[in-house]
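J.: model the following, please.
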Amino acid sequence: MRAAPQVPQASLTAIEEYFVERNVNLGGPYRHSQQNIAFLDEIRASLAAFLGASSSDEIFFGLNATSLMRLLATSLREIFSPGDEIIISGLEHEANVTPWLRFQQDGVKIHFWNPRGPEALLQFGDLKALLSERTRLVAVCGASNLLGTVNDLRPIADLVHEHGAILFVDGVHYAPHRHTDVRRDDIDVFVCSGYKIFGAHIGFAACKRRLLEHLPGLNHYFLKDKLKFELGTQNFEGLAATGGVLSYFAGLAKELGIGGEIPYGKVFERIDAYEKVLSERLIGGLQALEGVRVYGITDPARFDMRTPTAAFTVEDHAPLEVATLLGKAGFGVNEGDLYAARIVDWLGLREGGGVVRASLCHYNTIEEIDGLLEAIKSIG
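T.: Purely as a prediction, here's the structure:
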């Protein structure tokens, strides 16, 4: 068991093919450069299908999800005014917090939509109370990278849009576990990571065309309308790896006997069903261990609201100690605040060193979980 997402062979093959066949820049009239242009068009269209975007014109690439969020916030900042308001969920990775806090320098008010209760859930009524005629944007994660909590995005989108605001979604932890469909959920901006969906370290985003057309471009003056946020030479090999991931999902659909031209929805239905089994074994097993406390949703009847990502602590053992011991036993887990610093603070876990996080995916097995539980038991 490793802490980082694993990469399918299709992605490794795609990277090698890129370097061997077309390791050139765009803009040339020669064959290899033209092939690269066609390749980017193909990847853009494939990602539009994967994310459920209306067209490939709504897709753009970047260095990683964090930098794309910062670029988009920089552009949005130019169309905000003093007195405007932004609401930020209290479950966020800091990548979806810091860019918005900078708006305060321009007189924009920031409100935090904090979780409630022992499961640290966002309450819909709290969002209603925070929204006003001055709300311009709501920033929320599709799923918490620390707790694994999955947010119901469509009702949030409906309420946000009733107030004429933008719904900005950090989809990094959501996309590996749930079927993403930005049209179904009426999401204005959805930012994702190629790394987290089992590919390379790149970022990509979907932005509604009507919003994208009004955002100021950040590129060179002669490119700022056509390539507003794709600054400099793109990570072509990383995009090739992303194409390989999409091929992997298509292959997985075939193995599962799923037909259809675009099988992502049905594939993720099967992934979700299997990951619920993993969650039941992992969460139930952790709760059965003396001295172990699990954070977030722990009721198996509500595991449709979580991913198989467990944040936990072991009594009398610092998270760093636990993660180190588990690493020596062959289990890759992370510790600390995992860049979700504010929820760690809200839980009162900062002084103790945060949490241990075990983050599973559809390729993990029950046997691996049982081995992890035995290793944790031996620590206690």
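J.: residues in contact with Gly353?
T.: Gly353 makes contacts with 318-320, 335-336, as judged by C-beta atoms under 8 Å, 6 or more residues apart in numbering. Glycine gets a C-beta too; all of them are placed from N, C-alpha and C.
J.: now flag whichever of these is closest to Tyr295.
T.: Pro319 (11.7 Å; C-beta to C-beta).
J.: where's the closest one relative to Gly353, distance?
T.: From Pro319 across to Gly353, the span is 5 Å (C-beta to C-beta, to the nearest Å).
J.: shared neighbours of these two, anything?
T.: What both Pro319 and Gly353 touch, as defined by C-beta under 8 Å, 6+ apart, is the set 335-336.
J.: ok, back up a step: got TSV for the contacts of Gly353, with secondary structure and pLDDT too?
T.: Below are these laid out as TSV (DSSP: H, G, I helix; E, B strand; the rest coil; pLDDT from 0 to 100):
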residue	secondary structure	pLDDT
Ala318	coil	98
Pro319	helix	98
Leu320	helix	98
Glu335	strand	97
Gly336	strand	98
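J.: among those, which ones are buried?
T.: 319, 335-336 (16 or more other C-beta atoms under 10 Å).
J.: excluding sequence neighbours, find me the nearest residue to Val140.
T.: Ser89 (4.2 Å; C-beta to C-beta, 6 or more residues apart in numbering).
J.: show me the contacts for that neighbour.
T.: So Ser89 contacts 96, 112-113, 122, 138-141, 151 (C-beta under 8 Å, 6+ apart).
J.: most surrounded residue in the residues you listed?
T.: Val138 (27 neighbours; other C-beta atoms under 10 Å).
J.: quick check: which element contains that residue?
T.: Using DSSP states H and E, the element containing Val138 is strand 135-141.
J.: which strands or helices does that strand pack on?
T.: Contact here means 3 or more C-beta pairs under 8 Å, 6 or more residues apart in numbering; DSSP states H and E; on that basis strand 135-141 packs against strand 85-89, helix 153-162, strand 166-170.
J.: got those as a markdown table, with mean pLDDT and distance to Gln34 columns?
T.: Formatted as a markdown table, those follow (pLDDT from 0 to 100; distance: least, C-beta to C-beta, whole Å):
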| stretch | mean pLDDT | distance to Gln34 |
| --- | --- | --- |
| strand 85-89 | 98 | 43 |
| helix 153-162 | 98 | 39 |
| strand 166-170 | 98 | 35 |
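J.: can you put these in CSV and add distance to Phe236?
T.: Below are the helices and strands packed on strand 135-141 laid out as CSV (distance: least, C-beta to C-beta, whole Å):
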stretch, distance to Phe236
strand 85-89, 34
helix 153-162, 31
strand 166-170, 25
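J.: quick one, which of the ones you listed gets closest to His32.
T.: Between those, strand 166-170 lies closest to His32; by C-beta to C-beta that is 35.9 Å.
J.: mind checking the pLDDT average for stretch 178-198?
T.: Stretch 178-198 shows a mean pLDDT of 97.
J.: and it, end to end?
T.: This stretch, stretch 178-198, spans 14 Å end to end (C-alpha to C-alpha, to the nearest Å).
J.: quick check: buried residues in that stretch?
T.: 178-182, 185-198.
J.: over to stretch 240-251?
T.: Buried residues in stretch 240-251 (16+ other C-beta under 10 Å): 240-250.
J.: again, but for stretch 166-173
T.: Here stretch 166-173 shows 166-173 as buried, counting by 16+ other C-beta under 10 Å.
J.: Ile88: what's it in contact with?
T.: 96-97, 100, 110-113, 138-140.
J.: same question, Asn25
T.: 33, 36, 233 are the contacts of Asn25 under C-beta under 8 Å, 6+ apart.
J.: and if we set it to 6 Å?
T.: Residues near Asn25 by C-beta atoms under 6 Å, 6 or more residues apart in numbering: Thr233.
J.: ok, now how distant is it from Ala318?
T.: 48 Å.
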